[in-house]
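Asks: give me a model of this one.
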Amino acid sequence: QIFRRIFFTFVKIKIKRKYMIRAIVAINNLNFIGLNNELMYSFKEDMDWFKKNTINSNVIMGRKTFESMGSKPLPNRFNIVLTNSVEKYIYLENENLNFCDVEHIIDIFKKLGKKDDYWIIGGSEIYNKLYNFIDEIYVTRINDAKEGDKKFFNIDSSYWKNVKIINKTVCMDRKSKTPM
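Replies: Predicted coordinates for the structure are as follows:
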């Protein structure tokens, strides 16, 4: 079996809000997700899974992820790109694309007034910076031990609960936002 999908969810106190914030990621056995500003793995089945989950929703990504996609927003999604240089990209903004810095992401949520869910789609810095906002993680675990240069955070079972396996996908639930 090349990969499996895992779903994790945060189980302690949930923040009351009208939307969920989810992370979706493909990682290998060593938690690597990227090498040289590119995904380490690109399987059609996994890309279809990504599209199925994120289509017609809001996606949050970092500038490097945005640039690795040719500096174009993902179609049929509202794209939020996090960058420290908002002014450099502001001219690209449109009804499906917004730029902001991490410190103002909550303002963007409020400004958009969206009740829809948000998907954090990378890269590693963005997953780490938004860690405390994540309610659920959809993980595609690739059975490989190749070294990369970008890692996903360690999914610690003392904070996250493995909820279920979905078609080779595993899901985790967060147990607490702060270490015990």
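
Asks: CA only for contacts and neighbour counts going forward, please
Replies: Noted.

Asks: so Ile24 belongs to a strand, correct?
Replies: Yes. Judged by DSSP: H, G, I helix; E, B strand; the rest coil, Ile24 forms part of a strand.

Asks: start the count at 432, not 1, going forward
Replies: OK, 432 is where the count begins now, so the last one is Ile455.

Asks: quick one, longest helix in the chain?
Replies: The helix that spans the most residues within the chain, counting by DSSP state H, is helix 475-485.

Asks: nearest residue to the middle of this structure?
Replies: Nearest to the mean C-alpha position of the chain, by C-alpha atoms, centre = their mean, lies Ile551 at 2.6 Å.

Asks: in the sheet, who's paired with that residue?
Replies: As for beta bridges, Ile551 partners with Ala454, Ile491 under DSSP bridges.

Asks: show me where this structure has its helices.
Replies: 475-485, 494-499, 517-520, 536-543, 555-560.

Asks: ok now the third one, how far from the chain's centre?
Replies: Averaging C-alpha coordinates over helix 517-520 and over its chain gives two centres that are 22 Å apart (C-alpha atoms, centre = their mean, to the nearest Å).

Asks: and if you look at stretch 496-503?
Replies: 15 Å.

Asks: what's the end-to-end length of that stretch?
Replies: Terminal residues of stretch 496-503 lie 10 Å apart, using C-alpha to C-alpha, to the nearest Å.

Asks: hmm, Met467 is touching Asp580, no?
Replies: I think there's a mix-up here, since residue 467 is Asn and not Met. Yes. The pair Asn467 / Asp580 is scored as a contact, 7.0 Å apart, by C-alpha atoms under 8 Å.

Asks: the two: which has the busier surroundings?
Replies: Counted by other C-alpha atoms under 10 Å, Asn467 and Asp580 do not tie: Asp580 has more neighbours, with 13 against 10.

Asks: mean pLDDT lowest for which of the helices of the chain?
Replies: Lowest mean pLDDT of the helices of the chain: helix 536-543, a mean of 76.

Asks: brilliant, that's me finished.
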